[in-house]
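Peer 1: requesting a structural model of the entry that follows:
(one chain, ligands or ions: 1)
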Amino acid sequence: MKIVAGNFKSNLTRSASMEYLTALDSMLNTEMCRNKDIYIFPSNTSLVQNNYKHITLGAQNCNDSDSGAFTGEASLLHLQEFEINTILIGHSERRNIFFENDNICARKFEYFKSHNFKIFYCIGESLGIREGGKYLEFLESQLSFIDTNYKNLIIAYEPIWAIGTGLNASVEQICECISHLRGISNAPIIYGGSVNENNSNDILRISDGILVGSASLDINKFYKIISD
Ligand code: PGA
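Peer 2: Now for the predicted structure:
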């Protein structure tokens, strides 16, 4: 089974997301999804009931609380209202723009683990760390904060220098990191960073799946990635 996930980030309004999800769900069929698990992470204001036939909805971010005084944050109850039990934690944009460090990511991980969520836990090195040569140690240190034996864990390896830059890591670079990570965890390991309809097949061959940002915003590109 391969994982194909789309991260809409802060794009597509609620109505555009609903239109997209309804259209994609009707374009997909059971045969196409026999070997692929399809996930979409819309913005939190675009979350809807998680009852599509071929697509599982997840949250891009959520506070580690049932509810409460956390201005601007969604809490568990907001996800449960839509029967959402999949979440992205530790995306590099959360880490770098919103200052979520390893401790915050680990706290969220523990919380959503205790609620049995499927957790896509993102890790990845910056260009500086890659060039310094110690990127495998860095990835290992990011994972040292969480329980890598958690049964509902999916590790998303997303080198920061490849996200939204059009620069995807080479197959050799991805293979090196994935094989290192396989020595640490039995969780599925997916890759993200400038995945598109032209490179998705090569990457799917050497990984357990892909996390697609900008190319997922175009339904035809994302459909091609799934159906190829
Ligand atoms: P990208 O984003 O495909 O636009 O590089 C990937 C991600 O951030 O998950």
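Peer 1: spell out which residues of the protein are next to the ligand.
Peer 2: 7, 158, 163-164, 192-195, 211-215 (CB under 6 Å from any ligand atom). Yep, even glycine has a C-beta here, placed from its N, CA and C like the rest.
Peer 1: cutoff 5 Å now
Peer 2: N7, I163, G164, G192, S194, L211, G213, S214 (CB under 5 Å from any ligand atom).
Peer 1: neighbours of the first one, how many?
Peer 2: It refers to N7. 27 (other CB atoms under 10 Å).
Peer 1: phi, psi of it?
Peer 2: With angles defined as degrees, to the nearest 10, N7 sits at phi -110, psi 110.
Peer 1: from what I can see it touches L217, true?
Peer 2: No. Applying CB atoms under 8 Å, one finds N7 not in contact with L217, separated by 9.5 Å.
Peer 1: pull the CA atoms of the helix or strand of the chain with the lowest mean pLDDT into PDB?
Peer 2: Lowest on mean pLDDT, DSSP states H and E among the helices and strands of the chain sits helix 127-132, with a mean of 94. C-alpha atoms of helix 127-132 as PDB (Å, rounded to 0.1, in the frame of the first residue of the first chain):
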ATOM      1  CA  LEU A 127      20.200  23.200   3.400                       C
ATOM      2  CA  GLY A 128      22.900  24.300   6.000                       C
ATOM      3  CA  ILE A 129      22.600  21.000   7.800                       C
ATOM      4  CA  ARG A 130      22.700  19.000   4.600                       C
ATOM      5  CA  GLU A 131      25.800  20.800   3.400                       C
ATOM      6  CA  GLY A 132      27.400  20.300   6.800                       C
END
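Peer 1: how about whichever helix or strand comes after it: buried residues?
Peer 2: Using DSSP states H and E, the helix or strand that follows helix 127-132 in sequence is helix 135-143. By neighbour count on 16 or more other CB atoms under 10 Å, the buried set for helix 135-143 is Y135, L139, E140, Q142, L143.
Peer 1: and stretch 193-200, by the same measure?
Peer 2: Using 16+ other CB under 10 Å as the test for burial, stretch 193-200 gives G193, S194, V195, N196, E197, N199, S200.
Peer 1: now stretch 221-228
Peer 2: Result for stretch 221-228 [16+ other CB under 10 Å]: buried residues K221, F222, Y223, I225, I226.
Peer 1: what is the helix or strand where the third one lies packed up against?
Peer 2: Y223 is located in helix 219-227, with elements delineated by DSSP H and E. Here helix 219-227 is seen to pack against strand 2-7, helix 14-27, strand 209-212 when contacts are counted using 3 or more CB pairs under 8 Å, 6 or more residues apart in numbering; DSSP states H and E.
Peer 1: and it, what's its mean pLDDT?
Peer 2: Confidence over helix 219-227 (mean pLDDT, whole number) is 96.
Peer 1: do the same with stretch 152-167
Peer 2: 91.
Peer 1: with just CA atoms, put that stretch into PDB.
Peer 2: Provided in PDB are the C-alpha atoms of stretch 152-167 (Å, rounded to 0.1, in the frame of the first residue of the first chain):
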ATOM      1  CA  ASN A 152      -0.300   4.800  13.800                       C
ATOM      2  CA  LEU A 153       2.800   6.700  12.900                       C
ATOM      3  CA  ILE A 154       3.800   7.700   9.400                       C
ATOM      4  CA  ILE A 155       7.200   9.400   9.100                       C
ATOM      5  CA  ALA A 156       7.300  12.200   6.400                       C
ATOM      6  CA  TYR A 157      10.900  12.900   5.400                       C
ATOM      7  CA  GLU A 158      10.800  16.400   3.900                       C
ATOM      8  CA  PRO A 159      14.100  18.100   3.400                       C
ATOM      9  CA  ILE A 160      13.400  21.800   4.000                       C
ATOM     10  CA  TRP A 161      15.500  22.800   1.000                       C
ATOM     11  CA  ALA A 162      13.200  20.900  -1.300                       C
ATOM     12  CA  ILE A 163       9.900  22.300   0.000                       C
ATOM     13  CA  GLY A 164       8.100  24.700  -2.300                       C
ATOM     14  CA  THR A 165      11.400  25.300  -4.100                       C
ATOM     15  CA  GLY A 166      11.000  23.100  -7.200                       C
ATOM     16  CA  LEU A 167      14.200  21.400  -6.100                       C
END
